[in-house]
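got a predicted structure here, sequence first:
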Amino acid sequence: MTEEQFEDRERVENVRLTHQTGMNVEGDLYALVGGKEFFVKLTQKFYEGVALDPILKPMYPEEDLGPAQVRLQLFLEQYWGGPTTYQEQRGHPRLRMRHMPYKINPAARAAWLTQMKAALDAQGLPELYHAQMWAYLDRAATAMLNTMED
């Protein structure tokens with residue numbers, strides 16, 4: 001059975017997204033890390049690195065990385081238990097589908113993780129929260145791989 005043939009695919013994906021509130025780490029991680037302000041700072045720092053990265057920058061069609069920053073911020077806020085603005089504005093994330101036009105190989109994954117780790121480290125989170133967020137980001141980066149070619 002393919003993913004498209006799975007009759008409950010939409011329900012399962014929406015439930016996973018809607019109910020992932022960070023509750024498995026001492027409550028609502030969105031609130032615990034500082035809410036919107038934390039995610040704005042995290043994504044600002046991340047896109048500062050993206051702007052200088054020779055692998056990542058060409059993947060962003062906008063000269064101004066601001067719109068991409070807002071999209072990532074809203075997605076991460078929602079994923080970690082914040083407002084559902086991302087889904088209200090853009091629908092279900094469908095991350096693999098949205099990233100399919102871009103060549104995401106192991107080098108791109110490594111570049112993304114390098115920039116995201118620098119951004120996350122710069123936030124000075126308590127280790128428990130840092131580890132929880134990093135584990136997700138690492139898995140998400142791996143899930144976006146769509147080629148092994150250079």
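Yes, it's here.

hang on, isn't Lys36 packed against Gly81?
No - the pair formed by Lys36 and Gly81 falls short of the contact definition of C-beta atoms under 8 Å, at 11.8 Å. In short, each C-beta sits where N, CA and C put it, glycine included.

between these two, point out the one with more neighbours.
Applying other C-beta atoms under 10 Å to Lys36 and Gly81 shows that Gly81 carries more neighbours, namely 19 against 14.

now do the same for the more buried one: its pLDDT.
On the pLDDT scale, Gly81 is placed at 91.

what's the distance between it and Gly66?
As defined by C-beta to C-beta, to the nearest Å, Gly81 lies at a distance of 24 Å from Gly66.

and if you look at Gly34?
Applying C-beta to C-beta to Gly34 and Gly66 gives a distance of 21 Å.

what residues are up against the residue nearest to Tyr60 when sequence neighbours are not counted?
The shortest distance from Tyr60 to any residue that is not its chain neighbour, by C-beta to C-beta, 6 or more residues apart in numbering, is 5.4 Å, and that residue is Ala68. Ala68 is in contact with Tyr47, Val50, Tyr60, Glu62, counting by C-beta atoms under 8 Å, 6 or more residues apart in numbering.

helix or strand: which one has Ala68?
Here Ala68, judged by DSSP states H and E, is contained in helix 66-79.

tell me, how many residues neighbour Pro54?
By the criterion of other C-beta under 10 Å, Pro54 has 7 neighbours.

so what touches the helix or strand encompassing Arg98?
Under the criterion of DSSP H and E, Arg98 resides in helix 95-99. Residues lying outside helix 95-99 but in contact with it, judged by C-beta under 8 Å, 6+ apart, are Ala140, Ala143, Met144, Asn146.

equivalent analysis for stretch 39-53, please.
So stretch 39-53 is contacted by 56-57, 60, 65, 68-70, 72-73, 76-77, 80, 82, 111, 114-116, 118-120, 122-123 (C-beta under 8 Å, 6+ apart).

list the buried residues for it?
Using 16 or more other C-beta atoms under 10 Å as the test for burial, stretch 39-53 gives Phe39, Leu42, Thr43, Lys45, Phe46, Tyr47, Glu48, Gly49, Val50, Asp53.
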